[in-house]
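S.K.: Below are the sequence and a predicted model for it; my questions follow.
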There are 4 protein chains.
Amino acid sequence: MAGNTFGTLFKLSTFGESHGEALGGIIDGCPAGIELDIDAIIQEMQRRKPGQSSIVTQRKEEDEVQFLSGLFEGKTTGTPIGFVIPNTNQKSDDYSHIKDTYRPSHADYVYEKKYGIRDYRGGGRSSARETASRVVAGAIAKQVIPDIKINAYVSAVGNIELNKTYQELDFSNIEKNAVRCPDEAMAARMETHIKEIKKQGDTVGGVVSCVIQNVPIGLGEPVFDKLHAELGKAMLSINAVKGFEYGSGFEGAKMKGSDHNDSFNNDGTTITNLSGGIQGGISNGMDIYFKVAFKPVATLLQKQVVLDNEGKLIEQHGKGRHDPCVVPRAVPIVEAMAALVLADFYLFSKLYK
Amino acid sequence: MAGNTFGTLFKLSTFGESHGEALGGIIDGCPAGIELDIDAIIQEMQRRKPGQSSIVTQRKEEDEVQFLSGLFEGKTTGTPIGFVIPNTNQKSDDYSHIKDTYRPSHADYVYEKKYGIRDYRGGGRSSARETASRVVAGAIAKQVIPDIKINAYVSAVGNIELNKTYQELDFSNIEKNAVRCPDEAMAARMETHIKEIKKQGDTVGGVVSCVIQNVPIGLGEPVFDKLHAELGKAMLSINAVKGFEYGSGFEGAKMKGSDHNDSFNNDGTTITNLSGGIQGGISNGMDIYFKVAFKPVATLLQKQVVLDNEGKLIEQHGKGRHDPCVVPRAVPIVEAMAALVLADFYLFSKLYK
Amino acid sequence: MAGNTFGTLFKLSTFGESHGEALGGIIDGCPAGIELDIDAIIQEMQRRKPGQSSIVTQRKEEDEVQFLSGLFEGKTTGTPIGFVIPNTNQKSDDYSHIKDTYRPSHADYVYEKKYGIRDYRGGGRSSARETASRVVAGAIAKQVIPDIKINAYVSAVGNIELNKTYQELDFSNIEKNAVRCPDEAMAARMETHIKEIKKQGDTVGGVVSCVIQNVPIGLGEPVFDKLHAELGKAMLSINAVKGFEYGSGFEGAKMKGSDHNDSFNNDGTTITNLSGGIQGGISNGMDIYFKVAFKPVATLLQKQVVLDNEGKLIEQHGKGRHDPCVVPRAVPIVEAMAALVLADFYLFSKLYK
Amino acid sequence: MAGNTFGTLFKLSTFGESHGEALGGIIDGCPAGIELDIDAIIQEMQRRKPGQSSIVTQRKEEDEVQFLSGLFEGKTTGTPIGFVIPNTNQKSDDYSHIKDTYRPSHADYVYEKKYGIRDYRGGGRSSARETASRVVAGAIAKQVIPDIKINAYVSAVGNIELNKTYQELDFSNIEKNAVRCPDEAMAARMETHIKEIKKQGDTVGGVVSCVIQNVPIGLGEPVFDKLHAELGKAMLSINAVKGFEYGSGFEGAKMKGSDHNDSFNNDGTTITNLSGGIQGGISNGMDIYFKVAFKPVATLLQKQVVLDNEGKLIEQHGKGRHDPCVVPRAVPIVEAMAALVLADFYLFSKLYK
């Protein structure tokens, strides 16, 4: 429960601080005999990597993953997959100014209070750099459930919202622009907006939508470990996330039952899908879709008032290389976490066969 | 992972179907020596109980809890607290019509597909009746963390939304009306709306808001078990929930960092609290607040098309005694789940002092 | 981790004190669709029950189990099986003399020190009465793995040791005598010995052996959760157990590798089986066999010096109805715990097919 | 449950095969603010390391541990401690002869059957090389519970048994000889015996005894997670272990209650300690002591009949650099596992303060 492990049967444990020697993790419970597509893993890491476009942070992190165990002649062996991602381009000096200060809306203050000690460099353990390990594991999880298709994309940047249903979109466009919005006109507007925000030394929030297709019926456990509850926890565990809704979401709360209920077709599919592919916590074979709200990045390249460890408020100018908007790089992370949840439930569902 | 246990150190496991012999559970990890206030537990159960007002289901369930272990001369002993809530007023005949049919937007179909067998009476295990056990445990959890104040209330019924911040409300009004909305004018409107909906044999969704005050700094674990991630999972595990947001939530995704960041006061508190009392997954001592979206109840007292187990679509008129709107009775459930999460993290925080 | 749950996929949580309202538990993870043989469960409880013969305690506990959930029309539904065993014949007055005293080699003292409070009646939670719940769950576990045969028997009472290998024994004799030793001559000697010990108001230890046959290859997990490590933990968790050995056990430590190694037959079976059916923590298809050492029951019907809660040593005469030797009644408990371990690993092995 | 994690609050997860890139692990739940004594960790690894004397394997493994996270300026930060131990001197060629064969009493055969694939080099994941990671974690665990003293030593090699109680021994002698037996005369005899066995290309089993002193009252949880049950599981999870007994152990099964009970002194200590420092699964403050039986190493430098993957039996001469007797190097492993168990329960015990 110390918070560094996710999943039960397909289980990821991560370690690593932003500016320590390395990040890494252990994937335990991966079935044996899977011929791992390493290129697919690298590709997911490229999607998350800093410096990939002009609208994300220009930090240069190579994010090269080294697998240390659990593979033999290219295949998984059923034993734990240990991996490390060395920290190669960290500039710890960039952070000496925050050694004794707590930045607003960062985790600096609570870590100090909770542990009495913190690795302040780059946010230490609270840095989103930890998500690199999640992306590695998620890319492997996807290979455990190859038939299930997971597509995430940016559906809002600040006030610029994509008002199309996912059925109106072509997911093959997602990777065609830096924002990862499959609607090209909206993508252009979002990109322009991020650049403006960046120029101001400010940041902006956004929304990532995710669609999971071709899900077998029966994934998810009743009561506490409902499929959408685990998806929700997975998403809320990503840095900067403030909200999660699936299916009809908050809009559904405004509806009447006679409008909201999804009538059956005679093959068990439903005509509408306000349920979002999940009934009573268990997948019903329809598409699962959900939205994840990200707050604006807290690190501003502006003057801000910070608190020091003697209780004084001082003005400080933010520095370093940071994302003006986190959602483009969050897309592969959302997919990775979804894949982890689904692989876990998929393995569990084999119990009942 | 079979989904019937919640929590790690303060751990609730539940059992029971809607129309079986009894519901019940085991609370494991409750500290020893707490003089349990049984009346407080009964009171919470009264708040959740059917039949408490004219706007909720008129089923008569006595919901009497019997404690079987873990208490000695009125005090907790540190051993597991076993309890049962007998099912006394169940009318199984009410459900014979659904034996071979799957109702839209219910769990009937997925349970059948997942397990190959289901107790169809009243939804069986998927019934919200299971939450009675959660309320028992939550009422005990509250006594483990007596200084922390948890207040939930109804903030929307259908399109009728309470547009006040929680600071503008008087929580002592929550129990003064059947809807559990602390704003009396709004409560009246909501109540009228529910009655109309009920008359139509229809149902309507709603939103429960929750505020947690006087939280010590340092609850929550970094990375996967962030405080808000566990709260989110807890809420999403409640029947009919479609969304969760905390602090600035989905609105926060529209904001700029310079507007969103919460500036410090020199005592470590913050001037604003868009963060919602949690930084990096760890409580910072400010108020925690969140919203939970509930879909409209799927059981309608209207004609609906249902699917039978031979793949035929047939028309069926819903019957039974059901809630036209679930949120008034969901208020104590939201509080109970919040209490379980907080008690768990509170105990965990003691380990590392 | 509060210690009241056993197993991961086939999971038993128990509650209940010796003289509280009831014992009971929840079995979570039992596959759906099993037509439970309730008579088989009752029969196992009869084997554990006090008062079944003249050499065990004459307490009259009816040990009637009531199933509250998880069954529908005689079959398991995949939802948790809740059950209670009411405490009907408890004479709490028998224990008032130990309210303020700690008996030697009992758990009285450590419970008091650990929790600051204890239900002193009959040992409370530390009573072996808790094992009734294990026997219920074990009897169900056996039905999850019907092909695997588990036979335990008494192989020693005090110094009277059965010096035959299990292959020389006829397991169908186990239930033919009160001691549960399949060798009738030895059983008679053991029975006489227990009666003598009882006359002295004394108690005596013993050994239970267990043989598990027809085990599929591949149960058990490498490294920490080795099959024999879980079996060992399971056995050591039974009241009064002081030792566990499997296969060649402590004798194996005296041997040379050239004598100890089990040579293969060409079908993968082995000529000898000093390994005890497990290699590297994983079943190899050969018979699993192990021994469990039980200390003499600590409650004597003699004068003993006890400690009171003011630090005074006082003489006290033991009273109540206790077993002079625990091993005859421990036989079904050993089998139950073995069944729990095997059912758990059996389910786990299905995940990775 | 995939078997690669040990502990709940002080939790070790390990990865790595004998001849892969590296071994390593993650220690999660280590309290913050401990100034780690790295030399003490290295020293423990030296005790486990191959090649340390003429009676152990002459493989040269440097066993250098690299810490990647969880430490900042020499202190633990409360975040997970990731570490790797590179495999530097592995000669995989040594193992090409076993690629298609299963050695007797090794895990080769069951891994192949369980997973359908195995890293055959040096036993892969089933190799005792994995215990290097346990020793790292155990050395840190010792620093979490600095007041508790753990001393293990060799008490038997084959038939040569040390017949002294631990009170008669001087633990400071343990490290003075290659066998790690604190009685020098016995150590000499054991060493001679091991050398003879080695000359024969044979191996021999042995026993490690362990004494834990200065344990606070109250460690261990009732019912399933008894302190001695966890210790037993921990020991049985070590490669080659066949048995575990604590306190009076198997000898206790022969005794009468009137001889076995430990009478109290008026300070709560006991005059005798046949209980082995644990009552009802909870430490009582007296010394904990137990014995662990190790079988002879299965790899012989002799001709043996092995099974190949086509079902043929063929003669093969063992080669490589192996221990003729595993117990001298097992001493630090037994201590490490004991430390892991105690640190876990120690942290848990803080819940009740």
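M.R.: Nice, I can see it.
S.K.: Now the stretch 51-200 of chain A against chain B: closest residue?
M.R.: Of all residues in the stretch 51-200 of chain A, the one sitting closest to chain B is A:Ala107 (2.6 Å; Cβ to the nearest Cβ). To be clear about C-beta, it is placed using only N, CA and C from the backbone, and glycine gets the same treatment.
S.K.: Adjacent strands (with direction) for whichever strand or helix holds A:Ile150?
M.R.: Per DSSP states H and E, A:Ile150 falls inside strand A:149-157. Under the criterion DSSP bridges, strand A:149-157 sits next to strand A:160-161 (antiparallel), strand A:206-213 (antiparallel) in its sheet.
S.K.: Put together TSV for these, with mean pLDDT, mean neighbour count and distance to A:Pro328 on each row.
M.R.: TSV is the format used below for those (pLDDT from 0 to 100; neighbours: other Cβ atoms under 10 Å in any protein chain shown; distance: least, Cβ to Cβ, whole Å):
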stretch	mean pLDDT	mean neighbour count	distance to A:Pro328
strand A:160-161	98	18	13
strand A:206-213	98	24	8
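S.K.: out of those strands, nearest to A:Tyr95?
M.R.: strand A:206-213 (25.7 Å; Cβ to Cβ).
S.K.: Which is the succeeding secondary structure element to the closest one?
M.R.: Scanning onward from strand A:206-213 (DSSP H and E), the first element met is helix A:227-236.
S.K.: do that next one and chain C meet?
M.R.: No. Using Cβ under 8 Å from any Cβ of the partner chain, helix A:227-236 never reaches chain C; the gap is at least 15.5 Å.
S.K.: how much does that helix deviate in direction from helix B:227-236?
M.R.: If you take axes from the mean of the first three to the mean of the last three Cα atoms, to 10 degrees, helix A:227-236 sits at 160 degrees to helix B:227-236.
S.K.: right, quick check: the next helix or strand after helix A:227-236 against chain B, any contact?
M.R.: Using DSSP H and E, the helix or strand that follows helix A:227-236 towards the C-terminus is strand A:241-246. Yes. Using Cβ under 8 Å from any Cβ, strand A:241-246 reaches chain B at A:242-246.
S.K.: who in chain A is up against chain C?
M.R.: A:9, A:31-32, A:78-79, A:222, A:347-348, A:350-353.
S.K.: So which of those residues sit within helices?
M.R.: Using DSSP state H, the members of these that fall in helices are A:347-348.
S.K.: neighbour-wise, which of the residues of chain A next to chain C leads?
M.R.: Among the residues of chain A next to chain C, A:Thr79 has the most neighbours (other Cβ atoms under 10 Å in any protein chain shown), with 31 neighbours.
S.K.: Isn't that residue up against A:Gly70?
M.R.: Yes. Using Cβ atoms under 8 Å, A:Thr79 is in contact with A:Gly70, at 5.0 Å.
S.K.: before we move on, back to that, specify which member of the residues of strand A:241-246 next to chain B is nearest to chain C.
M.R.: Of all the residues of strand A:241-246 next to chain B, A:Tyr246 has the smallest distance to chain C: 23.6 Å, by Cβ to the nearest Cβ.
S.K.: which SS state does the closest residue in space to the closest one that isn't next to it in sequence fall under?
M.R.: In space, and not counting its chain neighbours, A:Tyr246 is closest to A:Phe290: 3.7 Å by Cβ to Cβ, 6 or more residues apart in numbering or on different chains. Following DSSP: H, G, I helix; E, B strand; the rest coil, the label given to A:Phe290 is strand.
S.K.: Could you count how many residues lie near A:Phe290?
M.R.: Neighbourhood size, A:Phe290 [other Cβ under 10 Å]: 26.
S.K.: Please name the residues that touch it.
M.R.: The contact partners of A:Phe290, by Cβ atoms under 8 Å, 6 or more residues apart in numbering or on different chains, come to A:209-210, A:228, A:231-232, A:235, A:244-247, A:249, A:276.
S.K.: ok, of these, which one's closest to chain B?
M.R.: Among the contacts of A:Phe290, A:Glu245 lies closest to chain B (Cβ to the nearest Cβ), at 3.2 Å.
S.K.: now that closest one, which residues is it bridged with?
M.R.: Taking DSSP bridges, one obtains A:Lys291, B:Gly243 as the residues bridged to A:Glu245.
S.K.: How many residues are close by it?
M.R.: Using other Cβ under 10 Å, A:Glu245 is surrounded by 28 other residues.
S.K.: surely it meets B:Lys291?
M.R.: No. A:Glu245 is beyond contact range of B:Lys291, at 10.3 Å (criterion: Cβ under 8 Å).
S.K.: Residues that sit against both of those two, list them.
M.R.: In contact with both A:Glu245 and B:Lys291: B:243-245, using Cβ under 8 Å, 6+ apart.
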